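Novice: show me how the following folds:
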Amino acid sequence: MTRSVLLASVFVFACFAETSPAAAANVAVLMPGSSGIVPGDFLVRNEGRFRGAGIRTIMTTSPSSAAEAIAAETSQGRKIVIVGMSRGSVDVASAIASGARPSGAVFVSGLHSMVMATLGSPDRLPTTLVVHHSHDACRRTLPSDAARFAAWSGGRARIQWINTTGEPSSNPCNAQGAHGFFKQDGPAVSAIIGFVKSH
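Specialist: Coordinates of the predicted model:
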């Protein structure tokens, strides 16, 4: 199955697997990293945890599909948060730049220079949580870039630093090392769940 067919199938399933408005009070669009919807991705491997916390999830790597999902949920009076992991943070920014209006956004190990360039102005940001490992060694997602993004946001974004420890990865930009929280995801997941439930 091609990536595009998989994405379409996932999105259609998410749209038709509606629950009652009361049960769907917490909704999150999850946008994985550059590898797409694969088991090792932080958001993919933790989707069950989000659902277990009562958050209905919509998984996609398409900014247009994310924007459509946000519009559909908000038209029903539901609040929805959009969450992007690594390269997915740029997809989140693209959805917002296209006019999507989520009640909040989360950038996890984000490519913040590209996010800022995509958005153009911090005025487009909803209330935002940045979840970032303080020892992320990926050259495109350095902690200093997360701090610079928070300053650029003009108070719209706050950072939740993660300090889990583990063995460095041979590829500092993959899901194994600090960039992926050494697969010790608990603190990062808890921060995201708390943010979604409060927005």
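Novice: pretty sure Asp136 sits against Ala175.
Specialist: No. The criterion here is CB atoms under 8 Å, and Asp136 misses it with Ala175 at 12.0 Å. In short, each C-beta sits where N, CA and C put it, glycine included.
Novice: list residues touching both of the two?
Specialist: Counting by CB atoms under 8 Å, 6 or more residues apart in numbering, Asp136 and Ala175 have no common neighbour.
Novice: show me where this structure has its strands.
Specialist: Taking DSSP state E as the test, the strands found in the chain are 27-31, 56-59, 80-85, 104-108, 128-133, 157-162.
Novice: for the second one, packing partners?
Specialist: When contacts are defined as 3 or more CB pairs under 8 Å, 6 or more residues apart in numbering; DSSP states H and E, strand 56-59 packs onto helix 3-16, strand 27-31, helix 47-52.
Novice: mind checking how far the second one is from the chain centre?
Specialist: Just to be clear, that refers to strand 27-31. Relative to its chain's centre, strand 27-31 lies at 7 Å (CA atoms, centre = their mean, to the nearest Å).
Novice: show the average pLDDT along it.
Specialist: Strand 27-31 comes out with an average pLDDT of 98.
Novice: pull out the buried positions in it.
Specialist: Buried residues in strand 27-31, defined by neighbour count with 16 or more other CB atoms under 10 Å: Val27, Ala28, Val29, Leu30, Met31.
Novice: ok, Thr141 - contacts?
Specialist: Ser86, Ser109, Gly110, Leu111, His112, His132, Cys173, His179.
Novice: residues contacting the fourth one?
Specialist: By that I understand Leu111. Ser86, Arg87, Ser89, Val90, Arg140, Thr141, Asp145.
Novice: what does the model give it for pLDDT?
Specialist: On the pLDDT scale, Leu111 gets 98.
Novice: all helices for the protein, in order.
Specialist: 3-16, 42-45, 47-52, 63-75, 88-97, 112-119, 143-152, 186-198 (DSSP state H).
Novice: mean pLDDT for these: which is lowest?
Specialist: Across the helices of the chain, helix 3-16 gives the lowest mean pLDDT, at a mean of 41.
Novice: identify the bridge partners of Met59.
Specialist: Taking DSSP bridges, one obtains Leu30 as the residues bridged to Met59.
Novice: mind checking how far it is from Arg45?
Specialist: 12 Å (CB to CB, to the nearest Å).
Novice: between these two, who's got more neighbours?
Specialist: Neighbour count, other CB atoms under 10 Å: between Met59 and Arg45, Met59 has more, with 22 against 17.
Novice: the more buried one touches Gly48, doesn't it?
Specialist: No. Look at Met59 against Gly48 with CB under 8 Å: they stay out of range, at 11.7 Å.
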